[in-house]
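Could you look at this predicted model? Sequence included:
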Amino acid sequence: MKYVHELAATMGMDSSKIITDVDLSLNSSDGEKTKNISDVILDRLNNTVEKLKEEKHKRTEKVIFLC
């Protein structure tokens with residue numbers, strides 16, 4: 001999830017919302033550090049990271065094109 005936070009921060013996105021969209025249990029406010037994460041949730045996180053990488057790449061290309 002650290003990577004989600006980093007990508008979201010780079011692109012000015014709300015990482016908490018992105019993580020909550022993957023699964024509500026991932027964004028607990030009780031300070032719980034250890035979680036049992038199912039394979040389904042891991043797959044969703046992986047897909048989310050890939051989408052964020054693609055978005056970052058698109059934005060980077062757009063900036064390079066404009067320069």
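That came through fine.

Give the other helices and strands that the longest helix seen in the chain contacts.
Counting residues, the longest helix found in the chain (DSSP state H) is helix 39-66. Other elements packing on helix 39-66 under the criterion 3 or more Cβ pairs under 8 Å, 6 or more residues apart in numbering; DSSP states H and E are helix 2-10, helix 15-22. The C-beta positions use only the backbone N, C-alpha and C, and glycine is treated the same way.

for those, which one ends up most surrounded?
Highest mean neighbour count of the helices and strands packed on helix 39-66: helix 15-22, a mean of 16 (counted as mean count of other Cβ atoms under 10 Å).

packing partners for it?
By 3+ Cβ pairs under 8 Å, 6+ apart, helix 15-22 packs against helix 2-10, helix 39-66.

quick one, which of these is packed in tightest?
helix 2-10 comes out most buried of the helices and strands packed on helix 15-22 by mean count of other Cβ under 10 Å, with a mean of 14.

tilt between that helix and helix 39-66?
Angle between the axes of helix 2-10 and helix 39-66 is 30 degrees (criterion: axes from the mean of the first three to the mean of the last three Cα atoms, to 10 degrees).

starting at the chain centroid, how far to helix 2-10?
From the chain centre to the centre of helix 2-10 is a distance of 6 Å (Cα atoms, centre = their mean, to the nearest Å).

what does the average pLDDT come to for that helix?
Helix 2-10 carries an average pLDDT of 94.

how far off helix 15-22 does that helix point, in degrees?
Counting by the same axes, to 10 degrees, helix 2-10 lies at 130 degrees to helix 15-22.

residue contacts, residue 4?
15, 18-19, 45, 48-49, 52 (Cβ atoms under 8 Å, 6 or more residues apart in numbering).

would you turn these into a markdown table with distance to residue 6 and pLDDT?
Supplementary listing: these in a markdown table, determined by distance: Cβ to Cβ, whole Å; pLDDT from 0 to 100:
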| residue | distance to residue 6 | pLDDT |
| --- | --- | --- |
| 15 | 8 | 95 |
| 18 | 12 | 95 |
| 19 | 13 | 93 |
| 45 | 14 | 94 |
| 48 | 13 | 97 |
| 49 | 10 | 96 |
| 52 | 9 | 97 |
